[in-house]
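In: task: produce atomic coordinates for the following.
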Amino acid sequence: QVQLVESGGGLVQAGGSLRLSCAASGRTFSGYAMGWFRQAPGKERDWVAALTSGGYTYYADSVKGRFTISSDNAKNTVYLQMNSLKPDDAAVYYCAAKRYNIRYYDGASYDYWGQGTQVTVSS
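Out: Next comes the predicted model:
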């Protein structure tokens, strides 16, 4: 069992930056693929970024070049560095973990989810 807790959300002006953290407990997330998703009010949950167990990173086109997913295995924590934020990036951001790397963009394939952290971007 893996418990995930996100933090780092908040209010930021357009063009600003935030770094989200996802702390895993219960067992090490080593060997798991980790993903970040987001959901804005009235919209479906969207995949944002993924970090496979082999260290490969993948990004949605909407955030490519602006967001970076990374991990600190010693801290059992995954990060999402978000730069050049836009009002369209405002959403609740969730981290998730899955045992297998395939379909890393598919939220339904993830086994564990955090509770989410709110990101608000003012224009």
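In: pull out the buried positions in stretch 108-123.
Out: 110, 112-114, 116-117, 119, 121 (16 or more other C-beta atoms under 10 Å). Quick note: C-beta positions are derived from backbone N, CA and C, even for glycine.
In: in a markdown table: those, plus secondary structure, distance to Val5 and pLDDT.
Out: What follows is these, written out as a markdown table (DSSP: H, G, I helix; E, B strand; the rest coil; distance: C-beta to C-beta, whole Å; pLDDT from 0 to 100):
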| residue | secondary structure | distance to Val5 | pLDDT |
| --- | --- | --- | --- |
| Tyr110 | coil | 16 | 96 |
| Tyr112 | strand | 11 | 95 |
| Trp113 | strand | 11 | 97 |
| Gly114 | coil | 6 | 97 |
| Gly116 | coil | 10 | 98 |
| Thr117 | strand | 9 | 98 |
| Val119 | strand | 16 | 98 |
| Val121 | strand | 22 | 98 |
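In: Thr57: which of these is nearest?
Out: Each of the buried residues of stretch 108-123 was scored against Thr57 by C-beta to C-beta, and Tyr110 proved nearest at 16.5 Å.
In: the residue most central in space within the chain and Ser123: what is the separation?
Out: Computing the C-alpha centroid of the chain and ranking residues by C-alpha atoms, centre = their mean puts Trp36 first, at 2.3 Å. According to C-beta to C-beta, to the nearest Å, Trp36 and Ser123 sit 23 Å apart.
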